[in-house]
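Peer 1: When you get a sec, could you give me coordinates for this:
(2 chains)
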2 protein chains.
Amino acid sequence: MDNAKFKAQVYALKNAQRRLATLSLQERNKMLLTISETLQAEASKIFRANQKDLKRAKSENLSPVLQKRLLFDEDKLQDACEGITQVASLPDPVGKVQERRLLAEGLLLERVAVPIGVIGMIFESRPDALIQIIALCLKSGNGIVLKGGSEARESNAVLVEIIRQALQDFSAGSGWIVHMESREDVQTILKLDDVIDLLIPRGSNVFVRYIMDNTKIPVLGHADGLCAIYVDEEYDLELALKVTVDAKCQYPAVCNAVETLLVHKNIAQEFLPRLKEALAPYSVEIRGEDRVGKIIECKVAVEEDFETEFLDYILAIKIVDSYQEAVDHITRYGSHHTDAIISSNEATAKRFLREVDSADVFWNCSTRFADGFRYGLGAEVGIGTQRIHARGPVGLNGLVTSKWLLAGQGHTVGNVSFNHIDLPLDKSELWSEGQ
Amino acid sequence: MDNAKFKAQVYALKNAQRRLATLSLQERNKMLLTISETLQAEASKIFRANQKDLKRAKSENLSPVLQKRLLFDEDKLQDACEGITQVASLPDPVGKVQERRLLAEGLLLERVAVPIGVIGMIFESRPDALIQIIALCLKSGNGIVLKGGSEARESNAVLVEIIRQALQDFSAGSGWIVHMESREDVQTILKLDDVIDLLIPRGSNVFVRYIMDNTKIPVLGHADGLCAIYVDEEYDLELALKVTVDAKCQYPAVCNAVETLLVHKNIAQEFLPRLKEALAPYSVEIRGEDRVGKIIECKVAVEEDFETEFLDYILAIKIVDSYQEAVDHITRYGSHHTDAIISSNEATAKRFLREVDSADVFWNCSTRFADGFRYGLGAEVGIGTQRIHARGPVGLNGLVTSKWLLAGQGHTVGNVSFNHIDLPLDKSELWSEGQ
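Peer 2: Got it, this is the predicted structure:
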């Protein structure tokens, strides 16, 4: 996109976002449902564009995984439209009262949730991610600057065109969506720290790390998911087997699959042979430290194995002498995404829940639960390992910030006596519903 | 500080912070009160160091304002110690339950507040700011990297020394405080984005802007406080006068003082002469746009006057034709800090509260209320105009993030039926009190 055209679009985006932010919930939901209907009505157009992308991907020998993610067929469309309907049915993330306090007689303070402003999203492959983020931004009143991967360019262009068509009769229109299509646009987006308030990258860990390292815009996401499970000396053997197998094998290519297993020395002799047996049907490759190799046959683990997110049927195993050694290992090697303890000792488990500094810390259940849908957040924006704003699986609440509203009757600081009475949060007196 | 020594300190800092984060509330409060007692016992040592700083400041012709802020006397010490006692009496910011949900039978999810990790603070002049931030970090379980202005180096060094002495008999010690003293250390701190999770600058707007523009670490703060008041056509004249005079004159050198006044054309003829009269006792210089000058005698305002944070007895005034023109002006020229409307029309005022996109939006009260203490937050970390994490006046809650705790009984994602039942937030079952 040339510079002048782009600047004009961004200026229009900010104005359109302000308009979007003042709409009633009913209006925003109506826009969502119209998008869903229009996508369904224009299905054949979408599939044709997607076929072009798929054909080119094949001719360019794109990896089978990416080709699979690129596919947008009837099933994907139905899922996407169901997703939009779900987002429409969620409560309004905007206007929720977070604090409420009478500062002095007649002086009412409220902190309410408001849209962040402009979200940037850079994503690889999946055209369905485009629909999802547009729906989430619309619901939460945010403008969006989008950049999809060039491998999905035909699909993305048609999807944006259809969404604009769906919104053309609404007062807020579709000016709050800016779609960037050329490869250089990624660099442009990374420099837009005076326009974009929050950047959400979706793609491989190399891709996400590149984004994080090359922008001043706050990034919501995670590069690595190096998750560990610690099996304590006090444990239920069958439970430990079941959870470890699920965490490793149910879907190993995702960020919340387990990569490292730490086993207390006092139970290693009993647990490891049974674990090897349980993992055998999935052909999991075990890479074990010295002491592991003395108990079960396995590949020898090197230090790098404890720093690697395999995303595959591979598990690095280490025997630890104590709870503390396990926690120290996780602190040193982990990516602060999701870590779990298997223990039948409540005190040990609760210590782990408090002491392990990760976005998600689990006790006696699979690391695979770290997910916005499973957490009941309704829609997932992403999983963040950054330490400010939102952390772990993030729903619509990650797309809002807050503002303070204060209403008085001519109050001045030179002449006021504070009493600071906290009030219930069930309703707002100062936030109006929008048009 | 040389590089090797610094790296060792930072490594020790991270370990000490982990230890601090596991302490019980009682232990953290005991540490706070011991700091307060030790500061009082060593008062003369502090005053001697401060005298050296003051003497040097005088000989170096430091501005009177900075000299005043540099002073640390008996009154400042008492205020600082009262501040520490207040922080000790506040509820624990850590461990507060923010979400609680039964995902499936026997699978309990909780989101709880936890320390952010390591806070960086770079500040000018005021040695009392050092005490305040150390108290806040201790209470919230965060490590801290501190860098004070060289003008206060003797005072800061002695304060840190006394605080370390106070903490020496506690298990967590004072290793969670790293104090940097040389000028080059500012550059070192700005590059510590892998160590420092949140940076809080305290100083002039030029200083804060420099920090914001030269680091990848998220910054909590504000460079400018360009606050506006809009006086609507439906208004109470006496109320408008009282609020405007307070907002401009009660303490003009601060970020929440008003700089721009927008007056609806239909009431300008009535309001402006009375306002001029009300501001006269404070010798406020009025800079008015053309139409203002036709009603009252004043300096002619140029565009720059509406972009300037005067921090002085100067007020820029513009007459607007409509509510919308006022909102557009604030959107274009404001700094999104604090803006207010004076109106007796509830619908107009509520529209303003919703549509103006600032951290603090007020109705019929002075902009000077935008302050953590006045909001009842107990202790103030700063006022943020950034749009993620915390916004507006920020208390201890700005020094915490959250983590998700999940406890099951061997639950696996391959075999679970979700029901997602929200539970009351009054207590946590998974968060333990600490040692």
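
Peer 1: gap between A:Arg368 and chain B?
Peer 2: Taking CB to the nearest CB, to the nearest Å as the measure, A:Arg368 and chain B are separated by 4 Å. Placement of C-beta: from N, CA and C, glycine included.

Peer 1: Now do the contacts for the spatially closest residue to that residue that is not a sequence neighbour.
Peer 2: With CB to CB, 6 or more residues apart in numbering or on different chains as the criterion, A:Arg368 has its nearest non-adjacent residue at 4.2 Å, and that residue is B:Val413. The neighbourhood of B:Val413, defined by CB atoms under 8 Å, 6 or more residues apart in numbering or on different chains, consists of A:Asp246, A:Gln250, A:Ser366, A:Arg368, A:Phe369, A:Arg374.

Peer 1: Point out the residues in the stretch 101-250 of chain A that sit beside chain B.
Peer 2: Contact residues (CB under 8 Å from any CB of the partner chain) of the stretch 101-250 of chain A with chain B: A:101, A:103, A:107, A:109, A:111, A:114, A:116-117, A:197-198, A:216, A:218, A:236, A:238-239, A:242-243, A:245-247, A:250.

Peer 1: Drop the exposed ones from those residues and show what's left.
Peer 2: Burial by neighbour count, judged by 16 or more other CB atoms under 10 Å in any protein chain shown, picks out A:101, A:103, A:107, A:109, A:111, A:114, A:116-117, A:197-198, A:216, A:218, A:239, A:242-243, A:245-247, A:250 from those.

Peer 1: got a pLDDT number for A:Phe362?
Peer 2: Predicted confidence (pLDDT) for A:Phe362: 98.

Peer 1: ok, what's across the strand from it?
Peer 2: Beta-bridge partners recorded for A:Phe362 (DSSP bridges): A:Ala340, B:Leu406.

Peer 1: Neighbours of it, how many?
Peer 2: By the other CB atoms under 10 Å in any protein chain shown criterion, the neighbourhood of A:Phe362 contains 33 residues.

Peer 1: so it makes contact with A:Ser343?
Peer 2: No: applying CB atoms under 8 Å as the test, A:Phe362 and A:Ser343 come out as separate, 11.2 Å apart.

Peer 1: what sits in contact with each of the two?
Peer 2: Common neighbours of A:Phe362 and A:Ser343 (CB under 8 Å, 6+ apart) do not exist.

Peer 1: Can you pull up the most central residue in chain A?
Peer 2: The centroid of chain A falls nearest to A:Gly382 when counting by CA atoms, centre = their mean (0.8 Å).

Peer 1: Quick check on that one: phi, psi?
Peer 2: phi 160, psi -180 (degrees, to the nearest 10).

Peer 1: Regarding chain A, what is its longest helix?
Peer 2: helix A:3-21 (DSSP state H).

Peer 1: Quick one: classify A:Pro201 as helix, strand or coil.
Peer 2: Classification of A:Pro201 by DSSP: H, G, I helix; E, B strand; the rest coil places it in strand.

Peer 1: now the closest residue to it other than its chain neighbours, what's its secondary structure?
Peer 2: Once flanking residues are discounted, A:Pro201 sits nearest to A:Ile211: 4.2 Å by CB to CB, 6+ apart. On the three-state scheme (three-state DSSP), A:Ile211 is labelled helix.

Peer 1: tally of neighbours for A:Ile211?
Peer 2: Once other CB under 10 Å is used to define contacts, A:Ile211 is seen to have 22 neighbours.

Peer 1: same deal with A:Ile217?
Peer 2: Other residues lying near A:Ile217 total 22 when counted by other CB under 10 Å.

Peer 1: wait, what's in contact with it?
Peer 2: Contact criterion CB under 8 Å, 6+ apart gives A:Gly120, A:Leu190, A:Leu192, A:Asp193, A:Ile196, A:Asp197, A:Leu198, A:Leu199 as the residues in contact with A:Ile217.

Peer 1: and if you look at A:Phe123?
Peer 2: If you count contacts by CB under 8 Å, 6+ apart, then A:Phe123 has A:Ala129, A:Leu130, A:Ile133, A:Lys147, A:Gly148, A:Gly149, A:Pro201, A:Arg202, A:Gly203 around it.

Peer 1: Could I get the pLDDT score of the residue lying closest to it once chain neighbours are set aside?
Peer 2: The shortest distance from A:Phe123 to any non-neighbouring residue, by CB to CB, 6+ apart, is to A:Arg202 (3.9 Å). Each residue has a pLDDT score; the one for A:Arg202 is 88.

Peer 1: Hmm, A:Arg202 is touching A:Asp128, no?
Peer 2: No: taking contact to mean CB under 8 Å, the distance of 10.7 Å between A:Arg202 and A:Asp128 leaves them out of contact.

Peer 1: Which of those two has more residues huddled nearby?
Peer 2: For the pair A:Arg202 and A:Asp128, the greater number of neighbours falls to A:Arg202 (22 against 19), based on other CB under 10 Å.

Peer 1: helix, strand or coil for A:Trp404?
Peer 2: For A:Trp404, the secondary structure call by three-state DSSP comes out as strand.

Peer 1: That one: neighbour count?
Peer 2: A count of neighbours around A:Trp404, defined by other CB under 10 Å, yields 23.

Peer 1: ok, now the one 5 residues further on?
Peer 2: Burial measure for A:Gln409: 13 neighbouring residues, criterion other CB under 10 Å.

Peer 1: quick revisit: of the contacts of A:Ile217, buried ones?
Peer 2: With neighbours counted by 16+ other CB under 10 Å, the contacts of A:Ile217 contain buried members at A:Gly120, A:Leu190, A:Leu192, A:Ile196, A:Asp197, A:Leu198, A:Leu199.

Peer 1: can you list those residues in a markdown table and add pLDDT and secondary structure?
Peer 2: Output for these, formatted as a markdown table (pLDDT from 0 to 100; DSSP: H, G, I helix; E, B strand; the rest coil):
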| residue | pLDDT | secondary structure |
| --- | --- | --- |
| A:Gly120 | 95 | strand |
| A:Leu190 | 92 | helix |
| A:Leu192 | 89 | coil |
| A:Ile196 | 93 | coil |
| A:Asp197 | 94 | coil |
| A:Leu198 | 95 | strand |
| A:Leu199 | 95 | strand |
